Each structure stands twice: as structure tokens, then as C-alpha cells.
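Chemist: Predicted model and sequence follow; I will ask about them next.
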Amino acid sequence: MQKQKKPGMNIFYKSLITIIGIALFLELFFPYLSQWIAGSENPLPVPGTLMFMYLVLAGIGTLVYVASDETKFQEFKEPLVEMLRGREQKEGPDDKTHNHVRMAILVAFPLLVGWYVFNQSSPSLSAPTSLRIQHPTIPQTYEKLKNPFREASVEELEQATLEGRVLYQKNCRPCHGTKAAGDGPMARAFRLKPANFTDPGTIATVVESYAFWRIKTGAPGLPREASPWDSAMPVWGDDLTDEEIWKIILAEYQTAGVDPRKPEKLE
Amino acid sequence: MKQAYANIMETSLGAGRHILSLVLLLIFLQPLFLYSQQEVDIPGTRLPESEENLAKGKEIYTERCSFCHGEEGDGGGPVADYLFPRPRDFQFGVFKFRTTQDGDPPLDSDLYRTISRGIPGTAMPEWGSLLSEDERWQVIQYVKSFGADFFEGIEPVVIEIGDEISASEAVVAEGRALYEKMKCAECHGEHGRGDGSSSSTLMNDWGYKVYPFNYAESWKFKGGNRARDIYMRFTTGVNGTPMPTFALNLNEEERWKLAHYVKSVAREVVAGSEVVLVAKLIDGALPTSADDAAWQQTQGLAIPLAGQIITKPRWQNNSITTIYLRAIYNSDEIAFLVEWDDRTKNVTHDDSEVDLEALMADTYVPASHLYEEKKLRDAISLQFPVKLPTGPEKPHFFWGQAGKKVNLWKWHADRAESGEHQSAVLELNGSGYKNALQPQPDSSQTTVSASDWQNGTWRAVIRRSLTTADKTNDIQFESGKLIPLAVQAWDGARGETDKIMGLSAWGYVTLDSPTPYSAYLYGLLGVLLAALFELWLIRRVRRPSANVAKSEGVGQTAVLGMDSGA
């Protein structure tokens, strides 16, 4: 049942190469990309569970693509079926190698599965990974608050910012850093790093009332999905007045060189 | 027009938010970052000094440096009182990190290096990531202007540094001999832990306390931790402090040898490189002392500590910044070896030394709190959750929270010294930092300990049975589980007591168990099932008729089959 060979590579091998390519990208290149994005000191490897998820996604994607078209699917299936069935022995060196490779794969597959199962059922020594939502929903009581200094006179705003800067440097600097880059001298010891405010993904994506909520209620104010048990963020509502917190917010954005997200306007 | 605020999560951010969460997630999964010191390229050409550059420098200084160094450059900015060491007073032209001879002003390139890389272990941050090259030269011109008299008309003598002699055992041994001969130990201690006989009495030129450096914490070398940096430090001296120059006492070869010895004191395990402590399983009795050779067979874990700055009294000048752990267990018991550097042995405790109420008046405890040595005990504690977590959810790492208790094993140096208790450890329970720690009843105090202090290092061995009768208050160790573990530390001489302490985030301890037989069984089962599945597939494709009819089905089963095998 010999089919006429189309020029170019079989789609099965193409898919395989794509998936291997994605895996290599995630393994070798992505850590440096996220290091660059996050401004971290070391490459940030993709954790095992995520890697698995990404690859499953890539696999499903390829399958959907392949299954979208009958001829593609036939072509895709062909090497698989051929591998299972084996080639007829025609004394060709090609067929011989094929059959050797076939045997190797047929033997290797169950062994690989066994090895994987074995690994999964032996105790693991690496730290568990967990998902964390950085910006959970703001409680309603905080949603509508406004920074009183934004509506004050220019002089008042300037004065409040100046005072806020001193309060920021005194209270927040040990963790969030004097440059607001999340690199204060105490940051070294915390696994969940103090937020880097110069990163476009932290305070620049939230409105000021959101920052107010986070500063006032700290780690204990977070819901489960934001892993409050790992956050060192203090409950500043215990030690600072609301006015002081609003001043600090002015300074926090200024020091980091970013602007708060504008509240959405509805008609 | 009505104004409404967007709900941050649910509305407009959409996909962007998910990408964001993933980026942050990755950061979180990263083991604690290693503290690697960074080196600076000093540009060959520099921005010339000018009136205009001075004015620009002033702007940058006022915006970024004045909180610490003061508007007038007197080291008295609004944050200064909380920092140890204090920010530098620039008015006397005294600089620590130079390549110029003792007493001479630094080169501009020396200041460029310090400002670019920061001063590790202090509040002085690196500015290389924020200020451009030109901006750095501008601010340097302004910083020098505070002590202009000390720069003008002086041609500093530069210390030339030749080719490095590479390290070897012999070089280090000769360096050690020079360390003894030069009497470095009087300040830096017998084994370089900064615990020398005069270490508690030293003052800097401004009348503030200064401690000799502990070479073991190599990430903290202020002027750099390469052999050439160390060479430079004791050749130039650290001006403004009692650290003298040894330029006249040592020739170049000797300096390299001494530098290599100093460098060799660094501890091997780096804090934060790992987060899981593996307790090793042995047959027979557990070691009862820190000297037992069995400890050397285990893998150590170094845990970094921050000052407790979550609640008042906040303390950012914690003395103990790393704790080293090892663990061994047998069928009945587990033993931890806890090691940490502390230049003073403090085994008495007088609570009246510290007025906590007064220290809580401000949001942070001022650095002056440590200037007078206190008669308080040294202490450390190991912290575990009482209930092993089943998911990611844990008690808060700072003494737990209501409804999620932690079990603390708090070792007290005074208890260790008095020998009145079978253990220096007091077992406590915590349910949040706002609630007082609750000592457990005597019947639940079941740990055994042994400890010693030598040459600036405490070592404590703490032992307990794997499981106890008091299941509502005690951690029960189970093998094959990741058990959250955190530590806290107090250096009594520096006034650390109560919440004035160093603390860590959660790490883990796990009892390393031999692979259970079931794992082999499952593995074998996996092989068998996969092989059967394969045979079945082959049989199906052998029959061309069935193959054609059900081709789609076969393809999909193959793929799904692989997934479910996983």
C-alpha cells in the first residue's frame, strides 16, 4: 500500500519538531526572557508542572490543527501506523534501519511509562510549586475611595508628596527598596519578594484605591488565592493614618516613575 | 457623567492580567535568589567636571540620596537614625572603599564603583540600574563638594595591584600564619567570625559602634569579595573605622596569601540556594553532640533571615542574617543541628534592659538600640505548623495565625547554660504575631538539646521523637512529606528580644525515606500496561480492514493513551 510521496517532510515529523522546539524554547531560552522581564538576578526556570501544562497545550493545539483536515490527518497517521506495523522486509537498508528503530521505540515506550510512574510514586525532594494571583479583586468598601490629595491645590499636592517620600523611605524602603524596585535590604530573606513598583505589572496596573487597600490591610487582607501566608506585607492600617497612606501612595508612584491606572469612566 | 471604577480583576485587564500572574508566579517559584556580588565596569572616559554638572548632581542627590545622607551631606537624613551602619557623613571627606593609600581621598573611579554596586549588607543600594553613567559622574562631583577641602590640591597615592597569585592549600596555610602574625584575630577573631577580644568595643570616627567583619558571610563583604578586593581593603585600610592599613607590614606576595586565607573562611553553603532540608535516615542512635561525624554525611541548608519589620517593634538591623541547618532521623527520633554566627555569648537574661513600650512609639526601632550592649540572652527558634498542610495553604510564616497554629522550638542560651532543664528548648505555640506565644505544659516539653559556643559560632543539637502524645500542639513528623520550616533568631547583646529579632520565610524539611516498594510495583505495572496497550494497537493496525474503518478512533486512542499513562 505504497502512497505517492509528497515533497517535504511528513506532517507528523513537523508536529514532533514543533513540540520539541517549544520544549527547548521553554527550557533553554524562556528562563532568560523572564529574567529580563522580571529584572531578576538569575534566570527563572519554568517549573515542572507548568512545563507539563504548556506541552500538553502545545500537543492539543497540534492535534486540533492536524485533525482539522482529513488528508492532513491521514498523512499524520501514516508514520505512526507504519511504526506500529513495521515495513515489509525488502532487503533495502532503509527498511532495515526503520525496523530497528521501530523495535527500539516499541521497547522504549513501556519502559519510559514505567519510569515515569515510578518517579511519580517515589517521594520528591523539591519544593512544591503553587499558583498565586497577584491582583485579586478589591473589596467593595475600598473600590470607590479617592486620593484626597489629587483634588487639592498644587502646593498641597507637592507638600503631601514630599512628606510621603520621607514616609515611604522610612517605612517601605527596607522591603520595597529606596528606588522602589523591590530590592530593599530585607528583601533577600523573603521567598515571596516584595513587589517591584517600577515593574509595569505591579502598581502601574492598579488604581490608587487598590494600592490603598493593599497598604492598609497588608498580607492578612489577601484572599486565599494570593497566598497571604507567604507575604511579608505589613498591615499598615495598624500604624499609619489613612492620610499618611495616601501621601505614601503619591510618593510610591513618583519614586517608581509610574502612574496609577485611571479609574474607568462610564457614560 | 457618572464615574465608576473598574473592577481590577474581572473587567478590562483580561488576558494581560493572566500573563502578569504567570510572570509573578515564576518569580515566586524561584528558590530564594543567591546573593551574588556584582562587578562594575568603570568607563575609560568620564564626564568632565563643570558648574552645570554640579547643578545636575545636586538635583539627583536631593531626589535620591538626601533621605539618608542628608541635604547637607552630613549623614543625617530623616532615615539615618534607623540604619546601622549609619549613612556616611560626606563633610569630612572620609571614604572606606578606595584604591588609594591610607588617609588619602578616593579616586573618582572608586566612588563610581561604590555608587554603581552599592555596599552589600548595608542600606546603601546599588545605583547602576537607575542612574546613567553621566548621572553617576554628576552626583560624584556633588558628593565631593561637601568635603571639597579634603580633595582639592591633593594628589592621592594609588595602590598598584599586580598579578594575582592563585589560591592553593599551601597559599591559604601561609595566609593563615600571616593572619596570626598580624594579629588580625584581636578584632576579627580566631576563625574570622568577627568575634575578637576587642570586637565589642570598637567605635568609628563619628563615635558610632562598628563591628569587625565576619569573613564567613562572604556575600556581605562591603568592598567586594574577590581576593583582589580583600587585598585592597587591608592594604588601604578602611578609613573612618579602626580597621588599619597593613601596607607597610606585608609585601605583595604576603598580601595575596593573606587575602586568600580571608576568602577561604567563607561558608560553603550559600543562603537561599535551596529551600528543602533533607533529613537523613540512619540506623541506631542519633548524634547527641555537634561534633559527631554523622553530621558531615548530611546535606546542609542555609536559611537567610530578615529583620522583623512586619509589626511593631520593627527591627531592620538584625544581627543574625543566616542560619545553617542539618537533620538526621531514625525510626523513633529526629535531630536538628542548628548553627549560626554570633560574636558574643550571652547567657543571662534581664528583661528590664529593654523598654518595649517605648520602642513601639515609632514605626521602627532606631539603630541606637544596639549601641549599648544589653544583658539579654541569645536565642533561636525552629517553627513548624502543628497540622501538616495538605495543599499550598499554610499558617503565616510569622508565628502562624488564628486557627492555624504553629509549634515553636525556642532554644534559650540561658537555659542551655544553667543546665537545670533536660533541654534548652522551650516548646511554644503561636497563633499569630498579635497573640502572645503560649508555652506548652511540662508534660509536652519533650525535646532534648546540647549546645556550645566557640569562636563566634553557636551550635545547638535539638532532638525529639518523631511523633508525640500531644497531637493538638506538637508537630508530628511523617516521612515522604514536605514539612514547612521557618526560623527566628535573637542576639542578646544587640538588644534582640521579643519581636526585635531576625526571621525567615517558610522553607521545608523532608524525611528522606528509602523508595517504597509500592513505587517499584507501580513502575512495573506501568511497563506492563503500556506494553499490553502497544500490543493491542499493533494487532489492530495489522488488520487493514479494521484499520480503515476505525482509523480515526485509533489515532485518538493512541494520543489519549499516552496522556492517561502520565
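Modeler: The structure has been received and is ready for your questions.
Chemist: make it CA atoms for all contacts and neighbour counts henceforth
Modeler: Will do.
Chemist: if I pick the closest residue to chain B within the stretch 151-267 of chain A, what's in contact with it?
Modeler: Going by Cα to the nearest Cα, chain B is nearest to A:Trp229 of the stretch 151-267 of chain A, at 3.9 Å. Residues near A:Trp229 by Cα atoms under 8 Å, 6 or more residues apart in numbering or on different chains: A:219-220, B:393-397.
Chemist: Ramachandran angles for it?
Modeler: Dihedral pair for A:Trp229: phi -70, psi -20, per degrees, to the nearest 10.
Chemist: do you know how far it is from B:Arg314?
Modeler: The gap separating A:Trp229 from B:Arg314 is 19 Å, by Cα to Cα, to the nearest Å.
Chemist: Any part of the helix or strand harbouring A:Val107 near chain B?
Modeler: Assigned by DSSP states H and E, A:Val107 belongs to helix A:93-121. Yes: Helix A:93-121 comes into contact with chain B (Cα under 8 Å from any Cα of the partner chain), by way of A:106, A:109-119, A:121.
Chemist: Where do the helices of the chain begin and end?
Modeler: The chain I'm using is chain A. Applying DSSP state H to chain A gives helices spanning A:11-24, A:30-38, A:48-67, A:70-85, A:93-121, A:140-143, A:154-171, A:173-176, A:208-217, A:242-256.
Chemist: not quite, I wanted chain B
Modeler: With DSSP H as the criterion, chain B has helices spanning B:14-29, B:51-60, B:66-69, B:108-117, B:133-145, B:169-181, B:185-188, B:227-236, B:252-264, B:356-359, B:413-418, B:517-542, B:544-549, B:551-565.
Chemist: Compile those into TSV and extend it with columns for distance to chain A, mean pLDDT and mean neighbour count.
Modeler: As requested, these are exported to TSV (distance: least, Cα to the nearest Cα, whole Å; pLDDT from 0 to 100; neighbours: other Cα atoms under 10 Å in any protein chain shown):
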stretch	distance to chain A	mean pLDDT	mean neighbour count
helix B:14-29	5	42	17
helix B:51-60	12	98	17
helix B:66-69	7	97	24
helix B:108-117	13	97	21
helix B:133-145	15	97	22
helix B:169-181	31	97	16
helix B:185-188	24	97	22
helix B:227-236	22	97	22
helix B:252-264	22	97	23
helix B:356-359	13	95	14
helix B:413-418	24	94	18
helix B:517-542	4	89	18
helix B:544-549	9	48	12
helix B:551-565	7	40	14
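Chemist: Out of the ones you listed, which is closest to A:Lys14?
Modeler: Across these, A:Lys14 has its closest neighbour in helix B:551-565 (16.4 Å, Cα to Cα).
Chemist: Out of the helices and strands in the chain, which is least certain?
Modeler: Went with chain A since none was named. For chain A, using mean pLDDT, DSSP states H and E, the weakest element among its helices and strands is helix A:30-38, scoring a mean of 78.
Chemist: and it, how far from the chain's centre?
Modeler: 10 Å (Cα atoms, centre = their mean, to the nearest Å).
Chemist: now stretch B:487-499
Modeler: On Cα atoms, centre = their mean, the centre of stretch B:487-499 falls 16 Å from that of its chain.
Chemist: Only alpha carbons, please: show it as CSV.
Modeler: Extracted C-alpha coordinates of stretch B:487-499, given in CSV (Å, rounded to 0.1, in the frame of the first residue of the first chain):
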residue,chain,number,x,y,z
VAL,B,487,13.5,30.0,61.9
GLN,B,488,13.9,33.1,64.1
ALA,B,489,17.0,34.4,65.9
TRP,B,490,17.9,36.8,68.6
ASP,B,491,21.3,38.2,69.5
GLY,B,492,21.0,39.3,73.1
ALA,B,493,24.0,41.7,73.2
ARG,B,494,22.4,43.7,70.4
GLY,B,495,19.2,44.1,72.3
GLU,B,496,17.2,41.5,70.5
THR,B,497,14.3,40.1,72.4
ASP,B,498,10.6,39.6,71.9
LYS,B,499,9.8,40.7,68.3
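Chemist: leaving aside the residues next to it on the chain, what's closest to B:Val158?
Modeler: B:Thr100 (4.4 Å; Cα to Cα, 6 or more residues apart in numbering or on different chains).
Chemist: Surely the one you found and B:Leu107 touch.
Modeler: Yes: B:Thr100 is in contact with B:Leu107 according to Cα atoms under 8 Å; the separation is 7.2 Å.
Chemist: who's more crowded, those two?
Modeler: Taking neighbours as other Cα atoms under 10 Å in any protein chain shown, B:Thr100 and B:Leu107 compare with B:Thr100 leading, 21 against 17.
Chemist: per-residue confidence for that one?
Modeler: B:Thr100 is assigned 97 on the pLDDT scale.
Chemist: separation between it and chain A?
Modeler: Using Cα to the nearest Cα, to the nearest Å, B:Thr100 is found at 29 Å from chain A.
Chemist: do the same with B:Glu373
Modeler: From B:Glu373 to chain A the distance is 23 Å (Cα to the nearest Cα).
Chemist: contacting residues for the closest residue to that residue other than its chain neighbours?
Modeler: With sequence-adjacent residues excluded and distances taken as Cα to Cα, 6+ apart, B:Glu373 is closest to B:Ala493, at 4.9 Å. Residues near B:Ala493 by Cα under 8 Å, 6+ apart: B:344, B:346, B:370, B:373-378.
Chemist: Same check on A:Ala204?
Modeler: Per Cα under 8 Å, 6+ apart, neighbours of A:Ala204: A:197, A:253, A:258-261.
Chemist: Against A:Arg173, how distant is it?
Modeler: For A:Ala204 relative to A:Arg173 (Cα to Cα), the value is 18 Å.
Chemist: ditto for A:Asp69
Modeler: Relative to A:Arg173, and taking Cα to Cα, A:Asp69 is found at 59 Å.
Chemist: The two: which has the busier surroundings?
Modeler: With neighbours defined as other Cα under 10 Å, A:Asp69 and A:Arg173 compare such that A:Arg173 has more, 23 against 10.
Chemist: Now do the closest residue to that one other than its chain neighbours: how many residues are near it, please.
Modeler: Leaving aside its sequence neighbours, A:Arg173 sits nearest to A:Gly184 (Cα to Cα, 6+ apart; 5.8 Å). Per other Cα under 10 Å, the neighbour tally for A:Gly184 reads 22.
Chemist: The residue lying closest to B:Gly93 once chain neighbours are set aside: what's it in contact with?
Modeler: Leaving aside its chain neighbours, B:Gly93 sits nearest to B:Gly147 (4.9 Å; criterion: Cα to Cα, 6+ apart). By Cα under 8 Å, 6+ apart, B:Gly147 lies in contact with B:90-93.
Chemist: Quick check: buried residues in stretch A:213-225?
Modeler: A:213-222 (16 or more other Cα atoms under 10 Å in any protein chain shown).
Chemist: can you redo the residues you listed as a markdown table with distance to chain B and pLDDT?
Modeler: Listed next are those as a markdown table, based on distance: Cα to the nearest Cα, whole Å; pLDDT from 0 to 100:
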| residue | distance to chain B | pLDDT |
| --- | --- | --- |
| A:Trp213 | 12 | 97 |
| A:Arg214 | 13 | 97 |
| A:Ile215 | 12 | 98 |
| A:Lys216 | 13 | 98 |
| A:Thr217 | 12 | 97 |
| A:Gly218 | 10 | 97 |
| A:Ala219 | 9 | 96 |
| A:Pro220 | 9 | 95 |
| A:Gly221 | 12 | 95 |
| A:Leu222 | 12 | 95 |
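Chemist: Which one of those residues is nearest to B:Gln296?
Modeler: A:Ala219 (39.1 Å).
Chemist: From what I see, the closest one and A:Met233 are in contact.
Modeler: Yes: A:Ala219 lies in contact with A:Met233 (Cα under 8 Å); the separation is 5.1 Å.
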